[in-house]
Each structure stands twice: as structure tokens, then as C-alpha cells.
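Novice: build me a model:
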Amino acid sequence: MTNKADRHARAMLPIPDRPTPGLTTYDAKDPQTNYPPIEPLLPPEGAPNVVVILLDDVGFGASSVFGGPCHTPVAERLAEGGLRFNRFHTTALCAPTRQALLTGRNHHSVGMGSITETATSAPGNSSVRPNTKAPLPMTLKLNGYSTAQFGKCHEVPVWQSSPLGPFDAWPSGGGGFETFYGFIGGENNQYDPALYDGTTPVDPPATAEEGYHLTEDLADRACGWVRQQKALMPDRPFFLYFAPGATHAPHHVPREWADKYAGKFADGWDTQRERTFARQKELGVIPADAELTVRHDEIPSWADMPEELKPVLEREMEVYAGFLEHTDHHVGRVIDAIADLGILDNTIIYYIIGDNGASAEGTHQGAFNEMANFNGMAALETPEFMASKMDEFGTPSSYNHYAVGWAWAMDTPFQWTKQVASHWGGTRNGTIVHWPNGIAEPGGVRSQFTHVIDIAPTILEAAGLPEPTVVNGVQQSPMEGTSMLYAFRGAEEPERHDLQYFEMFGNRGLYHQGWSAVTKHRTPWQLMGGEVPAFDDDVWELYDGEHDYSQANDLASEHPEKLAHLQRLWLIEAAKYNVLPMDDRTAERVNSDLAGRPTLVHGTSQIFYAGMGRLSENSVVSIKNKSFSVTAEVTTSDEATEGVIIAQGGRFGGWAVYVRGGRLKFVYNVLGIHHFDVESDTPIPVGKHQLRMEFAYDGGGLAKGGDVSLYCDGDVIGTGRVEATQPMIFSADETTDIGYESGTTVSPDYDSRTSRFTGKIHWVQIDLGLDDHDHFIDPDEQFRIAMARQ
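Specialist: Numbering: from 1, shown residues only. The predicted model follows:
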């Protein structure tokens with residue numbers, strides 16, 4: 001902590017330049033010519049370096065440092081020299097937690113009531129951060145900190161996520177980070193991620209076959225950055241935000257890490273919870289009188305699972321455990337780089353083990369491709385199919401997730417999981433703080449109620465910096481968190497954050513002075529369909545946290561007045577922080593028309609040009625559940641011309657129009673499970689031609705099939721059939737590319753290195769619906785028609 005007086009007035013940022021009055025001479029050679037030296041802007045003397053590490057989708061009971069089965073020796077080492085916070089809370093979902101962390105405000109206050117992909121036009125759910133709530137990295141940068149982020153950014157509104165931005169919400173745009181290397185969105189393929197360096201799309205430096213893994217790459221970059229920062233600016237403190245995509249699905253990890261856990265989970269999730277619970281008490285990370293909460297009926301017991309599926313379920317958990325240990329290992333490399341520079345003592349390290357509870361979005365049996373459940377098509381992954389794919393879990397050929405029961409076990413001792421903001425299983429995440437210069441009791445446990453919005457005010461207080469009242473000319477609203485610095489001083493310090501609301505998709509609750517009133521509204525793995533009660537029909541529970549750490553004993557019937565008081569408090573807080581109106585829609589909100597958010601693309605037509613790429617799914621007109629056509633004007637140089645004309649998605653779902661062996665081809669890939677290929681009967685002639693694919697949707701609901709026709713210059717050259725389609729989403733990370741395909745490829749006919757079209761693409765156009773124009777677009781009218789339809 002800083003103590004010396006600071007000469008800067010830091011409440012207004014940027015700090016206004018204040019020229020020093022004095023004699024101005026006529027001739028610079030005059031002996032009286034004298035000016036004070038130009039000094040770089042720095043934070044107050046003694047301001048610490050700051051590292052915030054945020055893992056993804058890790059439950060309280062997963063890591064060994066909090067009693068779980070997944071080895072996290074780096075976390076244990078930091079805990080031995082720091083503090084374990086066992087009542088630290090998140091928002092129950094990734095993007096909301098991240099925006100709350102980076103701003104010090106509640107997630108609805110900064111427009112992030114859910115994830116960006118389900119944003120609406122309501123202020124609390126818009127995904128747009130108000131400019132009255134500047135992010136912490138911006139405040140630190142404008143006070144003289146070096147700032148860098150490595151990893152996941154899930155705070156960019158989807159209509160601003162194309163390669164042209166706008167970049168106000170991007171980390172290195174308006175986010176306050178001078179350096180950013182990572183990905184935009186909720187998840188990514190760990191072996192073949194869609195990366196950005198700042199706002200520039202870049203390819204991974206190696207392939208999966210060459211040993212590439214995203215977490216290792218991020219650690220390499222972070223280590224290199226911190227070394228360079230201290231080599232060039234040793235007097236300037238840094239803020240380093242390390243947020244790997246791990247351990248969000250897909251659970252990708254080299255096989256040797258998963259194999260360490262072979263046979264460790266053969267007794268199932270019920271037994272694993274009991275073992276973890278006992279270990280948590282042994283470590284003292286939960287109170288001695290804490291109770292293990294019971295399994296809800298919606299979660300199957302291990303005994304109820306089919307015997308033939310149990311080897312698959314075991315492997316799912318082995319892969320996840322290896323994934324978490326692998327992640328902790330690479331976190332350790334970043335910590336070691338800081339220690340090697342001799343600056344660890346004055347570096348505050350927050351190691352937040354999860355941005356929400358463990359994810360139960362993988363269905364009762366887990367998933368080979370988690371997108372199956374997001375499309376309401378989990379039934380395609382039969383037990384027989386899962387068994388056939390078991391050896392591929394964790395490898396580049398999978399996009400895997402584990403079963404609901406494992407998520408529940410990883411949230412021991414609490415009820416429920418990620419998305420369930422009402423209960424601690426969704427929001428209570430083990431957190432470690434390491435700061436030798438600022439912690440008096442290394443190895444201690446802290447049980448004061450704390451929340452992710454408390455991190456920003458903690459860092460500002462530790463750095464001796466005030467909350468800014470004005471940033472970039474905009475008056476700021478106060479931060480809504482409470483500094484945790486007082487808790488660093490002792491376990492007996494009275495807690496200062498004693499009132500906090502929670503809400504996610506209607507799951508809601510309130511904490512106040514030890515008590516919590518909560519109601520679970522919907523089940524997280526029921527993404528489509530299912531009955532959801534009216535909000536007023538939700539059943540509320542009441543827990544006394546002073547005597548019931550895990551929310552095991554519902555006291556609602558014994559203290560109805562207390563419950564009513566907390567329910568009213570929740571409503572007051574909800575009105576204060578833009579929670580209302582509550583919105584319990586999930587899959588429906590993926591549709592921008594239903595959700596009411598802006599879209600980058602309008603109308604029924606979109607035109608593309610060669611070289612365009614890395615276009616997110618929200619940057620392209622949606623062809624799902626409808627008829628559409630793709631028309632391209634190309635020039636083939638010879639009979640060997642081949643390559644991708646346009647591709648959307650990748651190995652785990654998507655479609656492509658391409659040329660192979662001189663013939664026009666269309667492929668529709670359903671979840672990496674079914675491939676429907678249509679090929680022209682004749683080769684494409686050499687020269688300039690208009691190639692076209694028409695898909696006539698069967699109609700009658702979602703995910704239906706359709707007939708495919710291929711044309712060259714208006715003449716049919718091939719027909720075929722697609723029996724099923726993906727109704728909601730192709731991919732959370734793969735993109736649309738013109739003239740090549742980045743990432744994994746839709747068709748096994750080619751890979752990203754051989755996908756480039758060897759002829760010339762003049763233009764490509766997608767049209768929704770099939771109109772009668774002889775299966776040919778007049779090139780002279782093409783651009784005018786396309787623009788009129790947008």
C-alpha cells in the first residue's frame with residue numbers, strides 16, 4: 001500500500017496537464033532558461049503490480065486447494081503464502097462475471113445480465129457497458145500502469161465482433177488494455193482457436209499436430225510480456241489479466257494429462273462428493289459444522305446410470321481433471337516468471353478458480369460435441385455413439401463436455417451449478433489472494449462475504465488511487481463493490497459487503513447480513529423446451545449462513561417474516577441495478593429478432609468478396625431453418641482449380657460450397673456426426689462462370705432437411721439431399737470465410753492449409769428464400785440488388 005503524498009489530482013482522467021508557470025526566455029541559450037524535467041506519469045510510489053487470474057467453469061469442489069480431486073499444486077503454493085477466501089462469489093455465468101470484475105459494478109448495472117449472445121434491448125441485458133462505468137484497466141492505464149490481457153474476452157456485443165468492430169468494447173479498444181492476445185466470445189477450440197492480437201485476426205503459431213494448445217500459448221505470451229515490461233519499464237507497475245478459456249468446454253487437453261486420472265472416478269459422482277466434502281473439512285476450507293447438501297431429483301444418481309455408459313462417464317471426468325491440472329501448471333509458469341524477476345513480494349495475485357460454478361450444460365450423459373445440446377439435438381449422441389467416441393475425448397477431433405452429475409460433484413458441498421444464481425453451487429468460487437507485502441497471515445482462510453465486484457475497489461485502494469469521478473470527459477457512477485483490503489488484515493475483521501443480489505435467467509437470490517433467500521427458476525441443461533413456471537409461482541428458500549455454510553437447511557417455513565423481508569430487499573436491489581424486467585428465455589434469445597438487439601447484417605441478402613474472413617456467426621445473415629442460395633462468380637484458371645468458395649462453421653458443424661477435383665461441391669455437416677455431400681455431375685469449365693447452390697428447405701419446424709441443386713451459369717449440374725440441419729447455432733468459435741477456411745474445416749476433403757481457392761473469386765452472395773430468376777444473377781444488376789435487400 002502507498003503512503004507518500006501524491007502530486008497528481010487523479011479523480012479526473014486523463015489527468016489534466018498543468019503547465020508550470022515561470023520565466024519564459026527569448027533565447028534558449030539564455031542562462032536563465034530553465035524548465036522542470038519531463039516526468040512519465042506513474043501511479044503513487046509503492047503501488048503494487050497486479051495479476052488477476054480467472055479460470056473458466058470451475059466449481060468450488062474441483063481444485064485440490066479447496067478439497068477437490070483435480071491436482072492444482074500452483075494454487076496450493078499460492079494459498080500457503082497467501083489467503084483462501086471461501087465465501088467469494090461470482091454471478092453464475094461467464095460474461096456477467098467478467099464485466100462485473102473489470103468494472104467493480106453489478107452485472108446488470110453494466111448491461112451484462114446474461115451472455116452477449118443472448119443480449120436484448122433492455123438496459124440490464126443489452127451487453128453494452130455504459131460509458132459512465134469505465135473499466136478498471138482504463139483507470140489504471142490513465143494512472144500510469146502498464147496493462148495487458150491474455151485469454152478470453154466475452155464482453156464484446158455480438159454486433160460489434162466482426163473484424164471491423166467498432167472496437168469500443170474490445171480489450172485494446174475501449175477496454176483499457178494496451179496489449180491483448182486472445183479470443184472474443186464464450187469459448188474456443190483449444191487446439192485451433194480464432195485468435196486476435198489487439199484487433200487483428202491472427203493464426204495460432206503452430207498446429208495441434210505440432211503440439212499446440214491455447215493455454216500454453218497464452219502463458220508464453222504473458223511470460224514474454226511481463227519480462228519485457230520489467231526490462232523496459234522497471235519503475236512502472238503492471239496490471240496483468242490472465243483469463244484462459246480453460247476449463248470451459250470443449251475439454252481439450254493432451255492425453256497424458258488425462259491419463260494421470262485413469263480409474264480415479266470409477267465410483268461415480270455421489271461418492272466423489274463425499275470424498276471431496278471430507279477433504280474440505282480436513283483442509284479447513286469449510287466450517288467443521290458444514291453439511292453436505294442432498295442431490296436433487298433432476299440430477300441422476302451414479303447408480304441410475306446405465307452400466308455400459310459408465311466407462312464413458314469416467315473418461316469424461318478424467319479428461320476434465322487433466323484439463324484443470326494442465327491449466328494450473330501453465331498458470332504456474334506465469335507466476336514463476338514474475339518470481340524470477342524478483343517482484344513477487346509486491347505483486348497482488350488474485351487466483352479466482354472459476355467465473356461461476358461447474359457447468360451442467362453437458363446433459364445427463366455428457367457430450368462428444370456440446371453444440372448438440374445447444375441445438376436441441378442431444379439425442380443424436382446415443383450411448384452407443386458416445387462409447388465409440390470415448391477415446392477421442394480431449395483430442396482435436398472432439399468438442400466434449402462432461403455429464404451433469406460431474407458438474408454437481410465439482411460444486412461440493414453446495415446445491416446446483418453454473419447458471420443457478422440462486423444457490424452457492426452457481427456462484428461461490430474458491431479464490432486465493434497472494435501478496436507478501438500486504439498480507440499478515442500467510443496460509444490463512446477468510447470467510448467474510450466477498451464478491452467479484454469487490455476486486456476493482458480493492459486494487460484501487462491498494463494502489464493508493466481514488467475512484468475516478470470523470471473518465472474521458474464522462475462523469476462516472478460510483479463503484480458498487482467494497483474493498484476487500486480490510487479482510488487481508490485478519491480473519492476476525494467484520495465483513496463489510498453484507499448486501500448482494502443475484503439473478504440469472506430468473507434464478508435469483510439475496511444475501512443480507514448472513515441470511516440468504518433464494519429461488520431456483522429454471523434448470524441449466526434444459527436449454528430448449530421444458531416447462532418454466534411463472535416468476536410468481538417460484539418457491540423461495542431461506543438459509544441462515546451463520547450456522548449453515550452450504551445452504552443445507554431451508555428455514556422458510558420457520559421464519560416467514562424474515563423470508564418476506566429478504567424478498568422485498570431483493571426487489572428493491574433488482575430495481576436499483578436494472579435487473580428488471582427478468583427474462584428467463586434462453587435459446588429464444590439467440591434469435592436477434594426475438595431478443596430485440598441490433599444486428600450487423602439486415603435484410604435477405606449479403607455480398608462477400610475474396611479474402612473476407614473470420615466473420616462470426618452474428619456477422620453473417622442466418623440461413624438456419626429456411627431456404628437459401630449461394631451464388632458466386634469465379635474464374636477458373638485450369639481444370640485443376642479447387643478450394644473453398646465460402647464456408648461457415650467447422651469440423652463440429654457448418655456448411656461449405658467448394659470445388660474439388662474440378663467439380664462443384666456442397667457439404668452440410670451436422671454436429672460432426674452426419675455429413676451430407678452433394679457433387680456436380682460434370683466438371684466446371686475453364687473460364688469465368690457463375691456457380692450456384694440452392695437449398696430448398698422442407699419446412700414444418702426446426703432442424704429439417706432439404707433438397708440441394710447445383711448450377712453453373714443457370715444450368716443444373718447436380719442434385720442431392722440434406723436430411724437434417726442445425727437449427728440454432730453452428731459454432732461458438734468457428735467463423736465464415738471467403739476463398740479459404742480458417743480454423744477446423746467443415747469437410748474432411750481439405751484442411752485449412754489446402755483450402756484456399758486457386759482460381760479467382762469476383763464475388764459471393766447469400767440470398768434467403770428462393771425466387772424465380774432462372775437460377776442466375778445478372779452480374780450488372782447483382783450489386784444493386786444485393787444492396788437493396790440489405
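Novice: helices along the stretch 201-350 of the chain, start to end?
Specialist: 214-232, 255-259, 268-283, 310-340 (DSSP state H, counting those that start in this stretch).
Novice: now the third one: average pLDDT?
Specialist: So that's helix 268-283. Mean per-residue pLDDT for helix 268-283: 98.
Novice: what comes up buried for it?
Specialist: Of all the residues in helix 268-283, those buried under the rule 16 or more other Cβ atoms under 10 Å are Gly268, Trp269, Asp270, Gln272, Arg273, Arg275, Thr276, Phe277, Arg279, Gln280, Lys281, Leu283. Where you see a C-beta, it was placed from the backbone N, CA and C, and this is true even at glycine.
Novice: could you dump the residues you listed into TSV and include distance to Ala169?
Specialist: Below are those laid out as TSV (distance: Cβ to Cβ, whole Å):
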residue	distance to Ala169
Gly268	43
Trp269	38
Asp270	43
Gln272	39
Arg273	39
Arg275	43
Thr276	38
Phe277	41
Arg279	41
Gln280	38
Lys281	43
Leu283	40
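Novice: out of those residues, flag the one nearest to Trp655.
Specialist: Trp655 lies nearest to Trp269 out of the buried residues of helix 268-283, by Cβ to Cβ, at 37.4 Å.
Novice: most tightly surrounded among the helices of the stretch 201-350 of the chain?
Specialist: Each of these was assessed for mean neighbour count using mean count of other Cβ atoms under 10 Å. The highest is helix 310-340, with a mean of 23.
Novice: tell me the angle of it relative to helix 268-283?
Specialist: For helix 310-340 against helix 268-283, the angle by axes from the mean of the first three to the mean of the last three Cα atoms, to 10 degrees is 30 degrees.
Novice: can you give the distance of helix 310-340 from its chain's centre?
Specialist: 18 Å (Cα atoms, centre = their mean, to the nearest Å).
Novice: ditto for stretch 460-480
Specialist: Stretch 460-480 sits 26 Å away from the centroid of its parent chain (Cα atoms, centre = their mean).
Novice: what's the answer for stretch 67-79, then?
Specialist: The answer for stretch 67-79 is 23 Å, by Cα atoms, centre = their mean.
Novice: and it, C-alpha only, in PDB?
Specialist: Output of stretch 67-79 as PDB, limited to C-alpha atoms (Å, rounded to 0.1, in the frame of the first residue of the first chain):
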ATOM      1  CA  GLY A  67     -10.500 -30.100  -1.400                       C
ATOM      2  CA  GLY A  68     -11.300 -31.300  -4.900                       C
ATOM      3  CA  PRO A  69      -9.900 -34.300  -6.900                       C
ATOM      4  CA  CYS A  70      -8.100 -32.200  -9.600                       C
ATOM      5  CA  HIS A  71      -4.500 -31.500  -8.600                       C
ATOM      6  CA  THR A  72      -3.700 -27.800  -8.500                       C
ATOM      7  CA  PRO A  73      -0.200 -27.500  -6.900                       C
ATOM      8  CA  VAL A  74       0.300 -23.900  -8.100                       C
ATOM      9  CA  ALA A  75      -2.900 -22.800  -6.400                       C
ATOM     10  CA  GLU A  76      -1.800 -24.700  -3.300                       C
ATOM     11  CA  ARG A  77       1.600 -23.000  -3.300                       C
ATOM     12  CA  LEU A  78       0.000 -19.600  -3.600                       C
ATOM     13  CA  ALA A  79      -2.500 -20.400  -0.800                       C
END
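Novice: how about that stretch: buried residues?
Specialist: For stretch 67-79, by 16+ other Cβ under 10 Å, it's Gly67, Gly68, Pro69, Cys70, His71, Thr72, Val74, Ala75, Glu76, Arg77, Leu78, Ala79.
Novice: minimum distance to Val764: which of the helices of the stretch 201-350 of the chain has it?
Specialist: Between the helices of the stretch 201-350 of the chain, helix 214-232 lies closest to Val764; by Cβ to Cβ that is 30.2 Å.
Novice: what is the mean pLDDT for that closest one?
Specialist: Here the average pLDDT along helix 214-232 is 98.
Novice: which residues does stretch 492-502 contact?
Specialist: If you take Cβ atoms under 8 Å, 6 or more residues apart in numbering as the criterion, stretch 492-502 is touched by 89, 91-92, 106, 421-422, 427, 448-451, 454, 481-483, 486-487, 508-514, 518, 569-570, 573-574, 577, 579.
Novice: show me the contacts for the most centrally placed residue in the chain.
Specialist: Of all residues in the chain, the one closest to the mean position by Cα atoms, centre = their mean is Gly186, 3.0 Å from it. By Cβ under 8 Å, 6+ apart, the contact set of Gly186 is Cys94, Ala95, Ile115, Thr116, Glu117, Lys152, His154, His248, Ala732.
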